[in-house]
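Trainee: this one's structure only:
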């Protein structure tokens, strides 16, 4: 399944459902930031959109749907990162790779050590 971009509200809804494991529209409304007033129908439409994007699976329980994530948070974000990086590397090549390393080290210098470990682990698995 390809990862499609998600809006801020869609991301917030997904975070709630990943946290809970399964949720109704009402559960998600209770989970979201209460300082932002959102209509029930807005959350319901957002969850239906996520279902249409194959990010949620739903089952009817009584009069309501119960939604569960189609994949874990880590799996989703890994696929988003892979698609994004693949596009950047295809278009930008070495410049994109260099920018990634710069951004990673600016965030936290320990990321460079982590990248080295990940590269070595990848090489070990490939037998290089």
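Mentor: Sure thing, it's come through. Not measured: the values here are computed from a predicted model. Residues are numbered from 1 along each chain as shown.
Trainee: drop to CA atoms for contacts and neighbour counts, all remaining ones
Mentor: Noted.
Trainee: point to the residue nearest the middle of this structure.
Mentor: By C-alpha atoms, centre = their mean, the chain has its centre lying nearest to residue 77, at 3.8 Å.
Trainee: can you name the helix or strand that it falls in?
Mentor: Per DSSP states H and E, residue 77 falls inside helix 73-107.
Trainee: list phi and psi for residue 59.
Mentor: Dihedral angles of residue 59 (phi, psi; degrees, to the nearest 10) stand at phi -130, psi 140.
Trainee: state the distance from it to residue 23.
Mentor: To residue 23, residue 59 is 10 Å away according to C-alpha to C-alpha, to the nearest Å.
Trainee: ok, now residue 52?
Mentor: For residue 52, the distance to residue 23 equals 17 Å [C-alpha to C-alpha].
Trainee: who has more neighbours, the two?
Mentor: Higher neighbour count among residue 52 and residue 23: residue 23, with 21 against 11, using other C-alpha atoms under 10 Å.
Trainee: residue contacts, the more buried one?
Mentor: Each residue near residue 23 by C-alpha atoms under 8 Å, 6 or more residues apart in numbering is listed here: 17, 66-68.
Trainee: now the helices: where do they sit in this structure?
Mentor: With DSSP state H, the ranges of helices along the chain come out as 8-20, 25-31, 40-52, 73-107, 110-126.
Trainee: okay if I get those as a markdown table plus mean pLDDT?
Mentor: Formatted as a markdown table, these follow (pLDDT from 0 to 100):
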| stretch | mean pLDDT |
| --- | --- |
| helix 8-20 | 96 |
| helix 25-31 | 94 |
| helix 40-52 | 96 |
| helix 73-107 | 89 |
| helix 110-126 | 90 |
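Trainee: isn't residue 112 up against residue 102?
Mentor: No. At 9.2 Å, residue 112 does not count as touching residue 102 under the criterion of C-alpha atoms under 8 Å.
Trainee: and residue 23, how far from residue 37?
Mentor: In terms of C-alpha to C-alpha, residue 23 sits 19 Å off from residue 37.
Trainee: ditto for residue 46
Mentor: Applying C-alpha to C-alpha to residue 46 and residue 37 gives a distance of 15 Å.
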